[in-house]
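Q: A structural model of the following input is requested.
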Amino acid sequence: MTCHGLNCTSQKLIEAHIIPKGFGRLIRGQASNVKLTPERVGEANPQLGEYDPDILCETCDNILGLDDEYAIKICKRFEVDHRNLGQNVFELPGVDCDRFCKFILSVLWRASTSRRRSFTSVNLGPYEDLAREVLFGAKPLSDMRAFEVLIQRYRSASLDPTKLYFHPVRQPFDERNAYGFGLAGFRIVAKLDNRPFREGFRSFVLNRSNVFRGFFVPLEDCSEFESIAGIVRNNARRQAAFRQKRTT
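A: Numbers count the residues shown, from 1 in each chain. Just a heads-up that it's a prediction; the model follows:
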């Protein structure tokens, strides 16, 4: 396999994480992560996210890693530095929104490039080559007119959303083609569609307004929460059936 980085011919590939492993460390903290999959629920220590050994060499992974590190810093400072503007709207000052959005794009590009089953719904199609050029500095982010990012912040009465993350999946939004994932308390919506978001969303587009502004959303009202609940319920039923089988 050859590295997928721009104009790179290296065949010395590494275990490149789709969601950077720095986020795994941030989310895990001093405790074990709880890994939620359709097959099982259990502790995974250490569990720093899913990787693909067939997409990037170390040099190209490190180039993307610069924006990864910046995004981690933003996530770390949100709770202390954000402003609550009322009506469930927040702002975080002092953010380079284009750089944060490049990180979002890099997660989607890595997922699209990967052949891992977990990421089969992520396919950037005609935008994949342009995304590569943007990520490796050959073109500016503004050249990706179809790419727009909205950000939300989970709130929950039952879970700590900062200790969760969800893999990117295709998730149409506002009748546009889009991808969604959750990360360290944030819910991210990334549109790849030539139609712009409708008027009501445009002042919240990070890479257009250059203001890190979004909405608080209850985790329990999101489709992700039902997925978590369904996995836990299914796992509980399997465990009960296993215990019954052992006692008969």
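Q: For the rest of this, base every contact and every neighbour count on C-alpha atoms.
A: Noted.
Q: I'd like the distance between C101 and L130.
A: 15 Å (Cα to Cα, to the nearest Å).
Q: With neighbour numbers in mind, choose between those two.
A: C101 (21 against 16; other Cα atoms under 10 Å).
Q: Please look at the more buried one and N207 and confirm they touch.
A: Yes. At 6.5 Å, C101 and N207 qualify as touching, with contact defined as Cα atoms under 8 Å.
Q: For the two, list the residues in contact with both.
A: In terms of Cα atoms under 8 Å, 6 or more residues apart in numbering, C101 and N207 are both contacted by the residues V149.
Q: Strands of the protein, residue ranges please.
A: Using DSSP state E, the strands of the chain run over 16-17, 33-36, 41-44, 51-52, 83-86, 89-91, 147-155, 165-170, 178-183, 186-192, 213-218.
Q: Where does the prediction get shaky in the protein?
A: Scanning the chain for pLDDT under 70 picks out the ranges 29-48, 225-248.
Q: Any idea which residue is closest to the centre of it?
A: Nearest to the geometric centre of the chain sits F181, at 4.3 Å (Cα atoms, centre = their mean).
Q: residue contacts, that one?
A: F181 touches 165-169, 187-189, counting by Cα under 8 Å, 6+ apart.
Q: if you set the cut-off to 10 Å instead, what comes out?
A: Neighbouring residues of F181 by Cα atoms under 10 Å, 6 or more residues apart in numbering: 104, 107-108, 165-171, 187-190, 224.
Q: Check those residues for burial and list the buried ones.
A: In these, burial by neighbour count holds for 104, 107-108, 165, 167-171, 187-190, 224, counting by 16 or more other Cα atoms under 10 Å.
Q: Quick check: which of the strands of the chain is nearest to E199?
A: strand 147-155 (13.2 Å; Cα to Cα).
Q: Which elements pack onto the closest one?
A: strand 89-91, helix 97-113, strand 178-183, strand 186-192, helix 199-202, helix 206-209, strand 213-218 (3 or more Cα pairs under 10 Å, 6 or more residues apart in numbering; DSSP states H and E).
Q: quick one, the fourth one and helix 97-113 angle?
A: It refers to strand 186-192. Counting by axes from the mean of the first three to the mean of the last three Cα atoms, to 10 degrees, strand 186-192 lies at 70 degrees to helix 97-113.
Q: strand partners of strand 186-192, parallel vs antiparallel please.
A: Here strand 186-192 is paired, per DSSP bridges, with strand 147-155 (antiparallel), strand 178-183 (antiparallel).
Q: Can you give me the buried ones in stretch 53-73?
A: 53-57, 59-61, 64-65, 67-68, 71-72.
Q: Rebuild those residues as a markdown table, extending it with distance to R83.
A: As requested, the buried residues of stretch 53-73 are exported to a markdown table (distance: Cα to Cα, whole Å):
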| residue | distance to R83 |
| --- | --- |
| P53 | 40 |
| D54 | 41 |
| I55 | 39 |
| L56 | 38 |
| C57 | 39 |
| T59 | 37 |
| C60 | 36 |
| D61 | 33 |
| L64 | 29 |
| G65 | 28 |
| D67 | 24 |
| D68 | 23 |
| A71 | 18 |
| I72 | 19 |
